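**Q** My questions concern the predicted model and sequence given below.
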Amino acid sequence: MKAVLALVVIYVVAFLVAIQGGAPAAVEASPQSTAAKPAPVHASAIDPAKEGDIRALLDLVGAHDQVQDSVNYSAEQYREKLLATVANSDKNQAFVNAVVTDYEKKFDVDQVTEQLISIYDKHYSGEEIKELLQFYGSPLGQRVAAEAPKISREMQAVTRATAAKAVKEALQETKEENPGVGQNVHLTTAPARRFPQRRSAQDGTQAAQQQDQP
C-alpha cells in the first residue's frame, strides 16, 4: 500500500507540473510552420499489453480532460496578459480574442494525451501500471483524480501569493540596507484590463446628443 501511495504522489506532482508547464511552451513554439507538425511521440516498442493498461489508466484519471482544462485555464491567462499590453479598445479586444481562440485550436490535446503513453512507459514498469490501475479504479483513486487539478490550482495561487510577498519584502529590505543603490527598482504588476461593453447605436447617439447640449 505504501508503494501505491508513493506512486500516487509522484503521479499527481509529475503529471500536473507537466500539463501546467507544457501549455505555455506550446504557444512559444507557435511561430514555427504548422505544415511540419510533428507526429505524436509513440514508441512502437511498448509491449501491447502494457500499452493497453496505460491507455486504461489515462482514461481512469481523466488525462484528456485534465489537459483540456489546462489549455482552457492557460488561454484565459494569456488573454489577460495580452489585454494588458494593448490600448483599451474594442478592436484590440477582438484581436486578442482571435489570438486566444486560434491558440486553443492549434493546441492538439489528443497529441499530448498520446505522448503520455510513452512517458508512462518510460517511468513506470508494467507491474506499477497495474497497481495504479487498481488504485485509480477504487473510489479513493477516483477522488484523487477528480481533486488533483483543483489542488494544483490552489497550490499555484498560494505559491504566487507567497512569492509576491517574499520578493516585495526582499526588495524593500535590500533598499534599506543599500541606501542610494537601486532605489528606482520596483515591481510592476500588470492589472487585468477590462474593456467597456459594446454600446448600441442608439446609446451612442443619445450620448452624443447629451454632449452637444449646453
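**A** Received it, and whenever you're ready, just let me know what you need.

**Q** going forward, measure contacts between C-alpha atoms and count neighbours the same way
**A** Noted.

**Q** Pull out the buried positions in the helix ranked longest in the chain.
**A** The helix that spans the most residues within the chain, counting by DSSP state H, is helix 139-177. Judged by neighbour count using 16 or more other C-alpha atoms under 10 Å, the buried positions of helix 139-177 are 141, 144-145, 148-149, 152, 171, 175.

**Q** Pick out the most distant pair among the residues you listed.
**A** Taking C-alpha to C-alpha as the measure, those reach their widest spread between G141 and K175, a distance of 49.7 Å.

**Q** list the helices and strands the longest helix of the chain packs on?
**A** The elements that helix 139-177 packs onto, with contact taken as 3 or more C-alpha pairs under 8 Å, 6 or more residues apart in numbering; DSSP states H and E, are helix 2-28, helix 48-61, helix 126-136.

**Q** Need the pLDDT of S74.
**A** Confidence per residue is given as pLDDT, and for S74 that number is 90.

**Q** Just give me the neighbour total for it.
**A** Burial measure for S74: 21 neighbouring residues, criterion other C-alpha atoms under 10 Å.

**Q** shift numbering so it begins at 45
**A** Sure thing, new numbering starts at 45, so read that last one as S118.

**Q** What helix or strand is it located in?
**A** Taking DSSP states H and E as the definition, one finds S118 inside helix 107-127.

**Q** Could I get the CA-only coordinates of that helix as PDB?
**A** Coordinates of each C-alpha in helix 107-127 appear next as PDB, following Å, rounded to 0.1, in the frame of the first residue of the first chain:
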ATOM      1  CA  ALA A 107      -5.900  12.700 -18.500                       C
ATOM      2  CA  HIS A 108      -7.500  14.100 -21.700                       C
ATOM      3  CA  ASP A 109      -9.900  16.200 -19.700                       C
ATOM      4  CA  GLN A 110      -7.200  17.500 -17.500                       C
ATOM      5  CA  VAL A 111      -5.000  18.500 -20.400                       C
ATOM      6  CA  GLN A 112      -8.000  20.300 -22.000                       C
ATOM      7  CA  ASP A 113      -8.700  22.000 -18.700                       C
ATOM      8  CA  SER A 114      -5.100  23.200 -18.500                       C
ATOM      9  CA  VAL A 115      -5.400  24.600 -22.000                       C
ATOM     10  CA  ASN A 116      -8.600  26.500 -21.100                       C
ATOM     11  CA  TYR A 117      -7.000  27.900 -18.000                       C
ATOM     12  CA  SER A 118      -3.800  29.000 -19.700                       C
ATOM     13  CA  ALA A 119      -5.900  30.600 -22.500                       C
ATOM     14  CA  GLU A 120      -7.500  32.900 -20.000                       C
ATOM     15  CA  GLN A 121      -4.100  33.700 -18.500                       C
ATOM     16  CA  TYR A 122      -2.800  34.600 -22.000                       C
ATOM     17  CA  ARG A 123      -5.900  36.700 -22.700                       C
ATOM     18  CA  GLU A 124      -5.300  38.800 -19.600                       C
ATOM     19  CA  LYS A 125      -1.600  39.200 -20.300                       C
ATOM     20  CA  LEU A 126      -2.200  40.200 -23.900                       C
ATOM     21  CA  LEU A 127      -5.000  42.700 -23.000                       C
END
